[in-house]
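S.K.: Provide a 3D model corresponding to the input given below.
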Amino acid sequence: MHRNEIEGGLMITPSCQRVAESIASGEFYQAAGLRRIRLWLHWCVCYACRRYRKQIETIERGAAIAFKFERATEVREAFKKKLAARLQV
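M.R.: Numbers count the residues shown, from 1 in each chain. Next up, the predicted model:
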């Protein structure tokens, strides 16, 4: 018997795969009602899913920082071009 099943076949909490999918898609944070309770209950008792969520959040923070840096580089280059054009006039 799977650890998330009880004798009648009723799933008390979703599987690790479903929790991981909901974390990756952002549904984990926006789910409502009983679904939210089941996701959070599983997350509370499952070390692997807690670790996966932490990894996803770390990747998201890193991507946000990289995007800001990339955007700042674009702005800096555009500023240099405009400044060079003004200095030539």
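S.K.: so where's the chain uncertain?
M.R.: Of all residues in the chain, those with pLDDT under 70 make up the ranges 1-11, 72, 89.
S.K.: All the strands of it, residue numbers only.
M.R.: Counting by DSSP state E, the chain has no strands at all.
S.K.: for it, longest helix please?
M.R.: Ordering each helix of the chain by length in residues (DSSP state H) puts helix 47-88 first.
S.K.: do you know how far Phe67 is from Ala78?
M.R.: To Ala78, Phe67 is 17 Å away according to C-beta to C-beta, to the nearest Å. The C-beta positions use only the backbone N, C-alpha and C, and glycine is treated the same way.
S.K.: Next: Gln55.
M.R.: From Gln55 to Ala78 the distance is 35 Å (C-beta to C-beta).
S.K.: Quick one: list the elements packing against the longest helix of the chain.
M.R.: In terms of contacts (3 or more C-beta pairs under 8 Å, 6 or more residues apart in numbering; DSSP states H and E), helix 47-88 is packed against helix 16-25, helix 33-45.
S.K.: That helix: how far from the chain's middle?
M.R.: Offset of helix 47-88 from its chain centre (C-alpha atoms, centre = their mean, to the nearest Å): 17 Å.
S.K.: Next, the angle helix 16-25 makes with it.
M.R.: Counting by axes from the mean of the first three to the mean of the last three C-alpha atoms, to 10 degrees, helix 47-88 points 20 degrees away from the direction of helix 16-25.
S.K.: So Phe44 versus Val19, what's the distance?
M.R.: Actually, residue 44 is Cys rather than Phe. For Cys44 relative to Val19 (C-beta to C-beta), the value is 11 Å.
S.K.: of those two, who's got more company?
M.R.: More crowded of Cys44 and Val19, by other C-beta atoms under 10 Å: Val19, with 25 against 10.
S.K.: Any idea how many residues pack against Arg35?
M.R.: Applying other C-beta under 10 Å, we find 14 residues neighbouring Arg35.
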